[in-house]
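Novice: Pasting the sequence and the predicted coordinates here, then a few questions.
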Number of protein chains: 2
Amino acid sequence: MERSIQQFIERYLSVSFLVNKRGAALMKCELDDVTHDQYYVLRYIYKRGMCTSTELADVFAVNKSAITAMTNRLVEKGMIERGKDGDDRRVISLTLTEKGKIWLIETEQKVYELVQTMMTKLSYEEIEQFIQTYEKLAIILQEMEENK
Amino acid sequence: MERSIQQFIERYLSVSFLVNKRGAALMKCELDDVTHDQYYVLRYIYKRGMCTSTELADVFAVNKSAITAMTNRLVEKGMIERGKDGDDRRVISLTLTEKGKIWLIETEQKVYELVQTMMTKLSYEEIEQFIQTYEKLAIILQEMEENK
DNA sequence: ACTAAATAGTTAAACAATTGAACTATTTCG
DNA sequence: CGAAATAGTTCAATTGTTTAACTATTTAGT
């Protein structure tokens, strides 16, 4: 393996871990009694309008039983609701309640301000390039997962 | 807030979450009975030679009691050991055992191959630029945390 | 020099996220 | 039709985390 690639890997492992941990710690301050993971679940359902447990398990790369546990907590908190929907009676649809929508919209505002504070220290071009590469990595990772 | 910034934020939140989750899921396959977080702790101690609970708690942005729990498990697994060291008798030093070092070196090899597979789909320049920006973000996040 | 405050680390109780295996209910398909 | 696949749940166990209370030690103010 080339020396330079090895250094890239080293730097990538260190920095990605740090940014995730610290980013999550900062975000947590804005999320009342909802956890970081729960926030992303609410966010995902909101953007999709509705979704299923199986879909969430795929997207979040966890077991379906982990999704059951999380959605149970979100239902208890009154943020989402389960519903029957469609022909297939095995499928349970997940949607945000009114309360969930209101909470998410308010919270998105705070999270946006946080990310914005971070991003505006960089140039427009740098952000664009960074996110583009990040999106490429997401696709590459998905391919790697499928080829396994 | 500008429209374009808002889209950046939206894209960033989605993609960073995805890459973290999927990256962690892929890495987990290479880490026998050591968890993802434990791997990063071992990695950090190895790179430092030795370190303390307080330092780990700072770096990982968690409470010291979380570090106590994690290091307990790593000691039970025979990967690290606690030791007295230095003048300050409150301080407990954490170092890798021989077993821990051997395990880490072997595992780093596997993880490197994984990250390398991912990275070689990008150009040298693109990786360099990506990591540079990532490192800037790490510094920005640290500053944001301090100014809070 | 003495005491109060700060620091390093642990413990214990509680909760969230996760896995894996076993399970129910429903749908698909040979 | 009947077997296999699929959607989701339940349960037990492990891990990571927080908060508060605690011990032991060091630092600093007066």
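Specialist: Okay, I see it.

Novice: residues contacting the spatially most central residue of chain A?
Specialist: Closest to where the C-alpha atoms of chain A average out (C-alpha atoms, centre = their mean) is residue A:40, at 4.0 Å. When contacts are counted by C-beta atoms under 8 Å, 6 or more residues apart in numbering or on different chains, residue A:40 touches A:60, B:17. In short, each C-beta sits where N, CA and C put it, glycine included.

Novice: And it, which helix or strand is it part of?
Specialist: Taking DSSP states H and E as the definition, residue A:40 sits inside helix A:36-48.

Novice: Could you confirm whether any residue of that helix contacts DNA strand C?
Specialist: Yes: counting by C-beta under 7 Å from any atom of the strand, DNA strand C has neighbours in helix A:36-48: A:36, A:37, A:38.

Novice: which stretches of chain A have low pLDDT?
Specialist: A:1-2, A:148 (pLDDT under 70).

Novice: before we move on, back to that, buried members of the residues of helix A:36-48 next to DNA strand C into ChimeraX, please.
Specialist: The ChimeraX command for the buried members of these (criterion: 16 or more other C-beta atoms under 10 Å in any protein chain shown) is given here:
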select /A:37,38
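
Novice: can you list the residues of helix A:36-48 next to DNA strand C in a markdown table and add distance to chain B?
Specialist: Shown next, in a markdown table, are those (distance: C-beta to the nearest C-beta, whole Å):
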| residue | distance to chain B |
| --- | --- |
| A:36 | 9 |
| A:37 | 9 |
| A:38 | 13 |
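
Novice: follow-up on the earlier one: how much distance is there from the helix holding residue A:40 to the middle of the chain?
Specialist: 7 Å (C-alpha atoms, centre = their mean, to the nearest Å).

Novice: how about CSV for the residues of helix A:36-48 next to DNA strand C, with distance to DNA strand D added?
Specialist: What follows is the residues of helix A:36-48 next to DNA strand C, written out as CSV (distance: C-beta to the nearest atom of the strand, whole Å):
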residue, distance to DNA strand D
A:36, 10
A:37, 11
A:38, 13
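
Novice: For the residues of helix A:36-48 next to DNA strand C, give me TSV that also has distance to residue A:24.
Specialist: Below are those laid out as TSV (distance: C-beta to C-beta, whole Å):
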residue	distance to residue A:24
A:36	5
A:37	9
A:38	12
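
Novice: Relative to residue B:51, which of the residues of helix A:36-48 next to DNA strand C is nearest.
Specialist: Among the residues of helix A:36-48 next to DNA strand C, residue A:36 lies closest to residue B:51 (C-beta to C-beta), at 25.7 Å.

Novice: all helices of chain A, in order?
Specialist: For chain A, applying DSSP state H gives helices covering A:3-28, A:36-48, A:53-60, A:64-76, A:98-119, A:124-146.

Novice: So for residue B:52, which of the ones you listed sits nearest?
Specialist: helix A:3-28 (17.8 Å).

Novice: How about the residues of chain A by DNA strand D?
Specialist: Residues of chain A lying near DNA strand D (C-beta under 7 Å from any atom of the strand): A:25, A:52-55, A:64-65, A:67-69, A:71-72, A:82, A:88, A:90-93.

Novice: Filter those down to the buried ones.
Specialist: Buried, going by 16+ other C-beta under 10 Å: A:52, A:53, A:67, A:71, A:93, out of these.

Novice: Check the residues you listed and tell me the two furthest apart.
Specialist: The distance between the two most remote of those (C-beta to C-beta) is 13.3 Å, for A:67 and A:93.

Novice: Quickly note the distance from residue A:11 to residue A:86.
Specialist: Residue A:11 sits 47 Å away from residue A:86, taking C-beta to C-beta, to the nearest Å as the criterion.

Novice: One more: residue A:28?
Specialist: 36 Å.

Novice: Quick check: buried residues in stretch A:133-147?
Specialist: Quick answer for stretch A:133-147 (16+ other C-beta under 10 Å): A:133, A:134, A:135, A:136, A:137, A:138, A:140, A:141, A:144.

Novice: Name the residue in residue A:28 and residue A:86 with the higher neighbour count.
Specialist: Using other C-beta atoms under 10 Å in any protein chain shown as the criterion, residue A:28 and residue A:86 rank with residue A:28 on top: 14 against 10.

Novice: Please verify my assumption that that one contacts residue A:37.
Specialist: No: here residue A:28 lies out of contact with residue A:37, judged by C-beta atoms under 8 Å, at a distance of 10.7 Å.

Novice: if we can go back for a sec, quick check, nearest of the residues of helix A:36-48 next to DNA strand C to residue A:117?
Specialist: Lowest distance from residue A:117 to these (C-beta to C-beta) belongs to residue A:36, with 18.1 Å.
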